[in-house]
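Participant: model this:
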Amino acid sequence: MVTKPTAVQLTRDQARRIAVRAQLLDAERPGDVVEVAEQIGAIKIDPTKTIAPSEHTILWSRIGWSYEAGQLVKAVEIDRLLFEFDGAFRPISLLPLMLPAMRHWPRRDSTRQWLVANDRFRRDVLARLRAEGPMLASGIPDTSQVSRAPDGWSGSNQVPHMLDFLLRQGRVAIVGREGRQRRWDIAERVYPRDLPQHGEDDAARLLDERRLEAAGIAKQRSPWTPVGDAGVPATIAGSSRRYRVDPAALAALDDDAGGRIAFLNPYDGMLFDRPRLEELFGFSYVLEQFKPRSQRRFGYFAHPILMGDRFVGMLDAEVDRTAERGMLRINAVHEFEPFAPEEHEMVRAEIDELAQWLGVDVADGT
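Facilitator: Prediction:
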């Protein structure tokens with residue numbers, strides 16, 4: 001008879017500290033881009049840049065003033081220590097864990113039928129990349145036999161669809177970008193050839209473990225942070241939900257380096273699991289980017305303010321590049337509860353750090 005392990009009992013304070021440290025948002029900052037990617041698993045790519053594109057603010061919020069955009073480009077395009085997949089930069093160590101499932105993609109009938117109907121188109125795209133790659137999607141002719149209906153995000157050209165599908169199958173890869181445009185090549189020329197081999201079940205288990213390492217603590221059955229049976233069971237005081245906690249994070253719970261201020265990009269992975277965010281932090285986060293102006297409380301692309309292990313407010317700011325040196329315009333600092341004087345100073349100091357990193361002045365409109 002198998003005895004189920006006893007659940008670890010955690011306070012909410014402990015659960016919050018585990019989550020913050022797992023996302024590298026405590027006082028002990030990581031050293032470089034690869035270290036961040038290895039720990040948090042995915043660095044979201046998004047062009048919205050009221051302050052800076054998400055991939056850069058996500059890294060700045062961890063590394064701090066020493067982060068430069070060229071470090072990310074080098075890690076992706078030169079050192080090949082990160083790769084782009086599904087709208088995020090990921091560490092190459094995750095690729096062998098993803099490949100077994102990629103080889104069985106797609107599972108949806110409609111997508112399989114589209115690929116079968118466009119088999120000649122698929123071969124055309126691969127042949128063009130093999131002969132002339134790396135290249136932008138615009139350099140590949142659309143020879144599709146069957147088209148997918150426009151979905152509001154993409155037009156009638158079927159090449160981007162085919163490239164994305166081949167990416168998900170591990171047949172092609174993204175080698176870099178020209179501005180916001182992706183450059184494509186066949187995967188065998190981009191991905192390392194000596195990757196470890198895993199069976200599908202083993203790879204899925206290891207992926208669950210990596211997701212839990214990135215989250216620190218997550219609900220066992222969560223569509224937001226699926227971790228399966230990774231880690232050890234845990235309960236949080238005042239909650240009836242079942243959690244899993246990363247054993248390494250649990251063992252390091254007392255090695256507390258303290259907290260700090262962090263401005264989080266709205267697409268930061270720390271904010272992704274909204275139910276967990278509300279239960280652990282009491283923070284009901286709503287991205288107002290797609291709301292009508294009249295319905296916004298905090299601003300179009302306001303950045304949540306993390307202070308230690310508490311979300312204390314929202315920073316509504318934007319960079320104005322029309323000025324000679326550029327300006328970081330502070331439209332508002334929304335305080336969930338009134339800040340103490342020292343908290344005002346901490347937030348102001350972080351705003352100044354942000355402006356210095358951006359190379360602009362601060363225009364405080366609050």
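Participant: what separates the helix or strand containing D13 from the chain centre, distance-wise?
Facilitator: Per DSSP states H and E, D13 falls inside helix 12-22. Here helix 12-22 is found 19 Å from its chain centre; the criterion is CA atoms, centre = their mean, to the nearest Å.
Participant: what sits up against the very next helix or strand once past that helix?
Facilitator: Sequence-wise, the next helix or strand downstream of helix 12-22 (DSSP H and E) is helix 33-40. Identification of contacts with helix 33-40 by CB atoms under 8 Å, 6 or more residues apart in numbering yields 22-24, 30, 43, 58-59, 62-63, 67, 71-72, 75, 79, 81-82, 89-91, 93, 213-214, 269. (Glycine included, C-beta is placed from N, CA and C.)
Participant: Go through helix 33-40 and flag the buried ones.
Facilitator: If you call a residue buried by 16 or more other CB atoms under 10 Å, then helix 33-40 has these buried ones: 33-34, 36-40.
Participant: now these as TSV including pLDDT?
Facilitator: Below are these laid out as TSV (pLDDT from 0 to 100):
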residue	pLDDT
V33	98
V34	98
V36	98
A37	98
E38	98
Q39	98
I40	98
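Participant: just these now: which is nearest G170?
Facilitator: A37 (19.3 Å; CB to CB).
Participant: Can you name every helix or strand that the helix holding D13 contacts?
Facilitator: Helices and strands touching helix 12-22, by 3 or more CB pairs under 8 Å, 6 or more residues apart in numbering; DSSP states H and E, are helix 200-215, strand 217-219, strand 232-236, helix 247-251, helix 274-281.
Participant: how about the longest one: buried residues?
Facilitator: Burial within helix 200-215, assessed by neighbour count using 16+ other CB under 10 Å, is assigned to 203-204, 206-215.
Participant: Domain map for the chain?
Facilitator: Following automatic domain parsing, the chain resolves into domains at 8-92+200-361, 94-189.
Participant: which one of those domains has the most crowded surroundings?
Facilitator: domain 8-92+200-361 (a mean of 18; mean count of other CB atoms under 10 Å).
Participant: In helices only, show me the contacts of helix 33-40.
Facilitator: 22, 58-59, 62-63, 71-72, 213-214 (DSSP state H).
Participant: now the buried residues of helix 33-40 as TSV including distance to N118?
Facilitator: Formatted as TSV, those follow (distance: CB to CB, whole Å):
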residue	distance to N118
V33	37
V34	37
V36	38
A37	33
E38	37
Q39	39
I40	36
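Participant: and of these, the nearest to T322?
Facilitator: When the buried residues of helix 33-40 are compared against T322 (criterion: CB to CB), the nearest one is V33, at 30.2 Å.
Participant: Now the residue nearest to P53 when sequence neighbours are not counted. Its backbone dihedrals?
Facilitator: Take P53 and drop its neighbours on the chain: the residue closest to it by CB to CB, 6 or more residues apart in numbering is P47, 5.9 Å away. Backbone torsions for P47, taken as degrees, to the nearest 10, come to phi -80, psi -10.
Participant: Next one: P47 from R177, what distance?
Facilitator: Per CB to CB, to the nearest Å, P47 is found 11 Å from R177.
Participant: rewinding a little: just curious, which of the buried residues of helix 200-215 is nearest to R193?
Facilitator: Using CB to CB, these come closest to R193 at A203, 18.0 Å.
Participant: pLDDT below threshold where in the stretch 151-300 of the chain?
Facilitator: Applying pLDDT under 70 to the stretch 151-300 of the chain picks out residues 152-154.
Participant: one more time with 80, if that's ok
Facilitator: Scanning the stretch 151-300 of the chain with the threshold set as pLDDT under 80 gives 151-155.
Participant: Surely H334 is in contact with V312?
Facilitator: No: contact criterion CB atoms under 8 Å: H334 and V312 do not qualify, at 9.5 Å.
Participant: Which residues are in contact with the residue lying closest to Y243 once chain neighbours are set aside?
Facilitator: Leaving out its chain neighbours, the residue that sits closest to Y243 by CB to CB, 6+ apart is A234, at 4.4 Å. Taking CB under 8 Å, 6+ apart, we find A234 in contact with 7-10, 15, 217, 243-245, 250.
Participant: Filter these down to the ones in strands?
Facilitator: 8-10, 217, 243-245 (DSSP state E).
Participant: Specify the local secondary structure of the closest residue to A215 other than its chain neighbours.
Facilitator: What sits nearest to A215 in space, not counting adjacent residues and going by CB to CB, 6+ apart, is T225, at 5.0 Å. With DSSP: H, G, I helix; E, B strand; the rest coil as the basis, T225 sits in coil.
Participant: For T225, give its distance to L212.
Facilitator: 8 Å.
Participant: again, but for S54
Facilitator: 23 Å.
Participant: quick one: average pLDDT of the lengthiest strand in the chain?
Facilitator: The longest strand of the chain (DSSP E) is strand 310-320. Averaging pLDDT along strand 310-320 gives 96.
Participant: who does the helix or strand just after it touch, helix- and strand-wise?
Facilitator: Towards the C-terminus, the helix or strand next in line after strand 310-320, according to DSSP H and E, is strand 327-335. Secondary-structure packing of strand 327-335 (3+ CB pairs under 8 Å, 6+ apart): strand 310-320, helix 341-358, strand 361-364.
Participant: For strand 327-335, give the mean pLDDT please.
Facilitator: pLDDT averaged over strand 327-335 gives 96.
Participant: ok, V146 - contacts?
Facilitator: 114, 117-118.
Participant: tell me which of these is nearest to A149?
Facilitator: Ranked by distance to A149 (CB to CB), the contacts of V146 are led by W114 at 10.9 Å.
Participant: List the contacts of whichever strand or helix holds that closest one.
Facilitator: Element membership for W114, per DSSP H and E: helix 109-117. Contact partners of helix 109-117, identified using CB under 8 Å, 6+ apart, comprise 106, 122, 145-146, 148, 165.
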